[in-house]
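Trainee: sequence? don't have it. structure:
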């Protein structure tokens, strides 16, 4: 009986203050649409950054006079290194064949094979390439040089950290901004009915009995706005996304957060912000 009364009061209030209801719903819609867009774009950029990081590796080049024993010594060093995920030996003949596939014009007139044998080392994390390189200082016998991409690798790692930090800050700012906007919009509706709240308190209504209809209003506005945001994102995903990805050559293997999970996050956040915005805003009017 009490639940039916709360629901009836919430529906009556929504109809009575249609302008503020629409305003609150649109506020949630805009906030959740921007949040969903940020999550989708941000996770795609982070995935692209991780994809680029996976391309980073350390190459241990051997001298032309290296012996099998010296090569085996380097293999043992790599096997013992906890930061190494995988290592592959590439002979000078294999390196030349690979070069002929990639840039045949550079090697078609060679009188001899100038490419050295090498180990290609994939680190467990891209950030380990520097410490793996340091493990070969001083250089073991038979090792000519060790390369890890130098400044290019450092730049990729630096950009990756910046991207992750920007994404985290953007999501936090959007959540805070959405909470404040929704709370301020709902505050207008509550302020116009402050006398009604005072009367209810004076006749003995509990705080939760008064708060119930307003929180239910917030939930309804939150779910309506969130559903609208999901529909807009579906339109964007169907129409705009294929055109954008068609111009990005390195999009294979790079994926944003699954759309279904993104939609669930938007719905959950919209519901929470709608209810929390109503509940928190109402606190000051319950002090009668």
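Mentor: Perfect, I can see it now. Fair warning: this is a prediction, and the values are worked out from it, not measured in the lab.

Trainee: Low-confidence bits of the stretch 1-150 of the chain, can you list those?
Mentor: 1-20, 107 (pLDDT under 70).

Trainee: how about 80 then?
Mentor: Scanning the stretch 1-150 of the chain for pLDDT under 80 picks out 1-25, 45-46, 48-55, 102-113, 149-150.

Trainee: ranges for the helices of it?
Mentor: Assigned by DSSP state H, counting those that start in this stretch, the helices in the stretch 1-150 of the chain fall at 2-16, 18-54, 68-80, 92-102, 104-107, 129-134.

Trainee: so which of these is the most packed in?
Mentor: Counting by mean count of other C-beta atoms under 10 Å, helix 18-54 has the highest mean neighbour count of these, with a mean of 19. For the C-beta atoms, the positions are set from N, CA and C on the backbone; glycine is no exception.

Trainee: Figure out which of the helices of the stretch 1-150 of the chain is closest to residue 232.
Mentor: Of all the helices of the stretch 1-150 of the chain, helix 18-54 sits nearest to residue 232, with 5.2 Å by C-beta to C-beta.

Trainee: Give me the distance from the closest one to the chain's centre.
Mentor: Helix 18-54 has its C-alpha centroid displaced from the chain centroid by 11 Å (C-alpha atoms, centre = their mean, to the nearest Å).

Trainee: elements contacting it?
Mentor: Here helix 18-54 touches helix 151-192, helix 207-245, helix 259-282, going by 3 or more C-beta pairs under 8 Å, 6 or more residues apart in numbering; DSSP states H and E.

Trainee: Which of the helices of the stretch 1-150 of the chain sits closest to residue 203?
Mentor: Proximity to residue 203 (C-beta to C-beta) singles out helix 2-16 among the helices of the stretch 1-150 of the chain, at 14.3 Å.

Trainee: Next, the buried residues of stretch 118-127.
Mentor: 118, 119, 121, 122, 123, 126 (16 or more other C-beta atoms under 10 Å).

Trainee: again but with stretch 52-63, I slipped
Mentor: 52, 53, 56, 57, 58, 59, 60, 61, 62.

Trainee: Could you break this structure into its assigned domains?
Mentor: 2-52+155-286, 57-148 (automatic domain parsing).

Trainee: Now do the same contact list for the spatially most central residue of the chain.
Mentor: Note on the chain: the residue nearest the mean C-alpha position is residue 43, at 2.9 Å, using C-alpha atoms, centre = their mean. The contact partners of residue 43, taken as C-beta atoms under 8 Å, 6 or more residues apart in numbering, are 167, 256, 257.

Trainee: Go through those and name the one with the lowest pLDDT.
Mentor: The member of those with the lowest pLDDT is residue 256, at 73.

Trainee: ok, now how distant is residue 222 from residue 266?
Mentor: Separation of residue 222 from residue 266 (C-beta to C-beta, to the nearest Å) stands at 10 Å.

Trainee: repeat for residue 104
Mentor: For residue 104, the distance to residue 266 - C-beta to C-beta - is 51 Å.

Trainee: before we move on, what about residue 274?
Mentor: 12 Å.

Trainee: Also residue 46?
Mentor: Distance of residue 46 to residue 266, computed by C-beta to C-beta: 18 Å.

Trainee: Repeat that for residue 276.
Mentor: 15 Å.

Trainee: the more surrounded of these two?
Mentor: Neighbours per residue (other C-beta atoms under 10 Å) separate residue 276 from residue 266, with residue 266 holding more: 23 against 16.

Trainee: Let's have the contacts of residue 43 in JSON lines, adding distance to residue 156 and neighbour count.
Mentor: Shown next, in JSON lines, are these (distance: C-beta to C-beta, whole Å; neighbours: other C-beta atoms under 10 Å):
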{"residue": "167", "distance to residue 156": "17", "neighbour count": "18"}
{"residue": "256", "distance to residue 156": "20", "neighbour count": "19"}
{"residue": "257", "distance to residue 156": "22", "neighbour count": "16"}
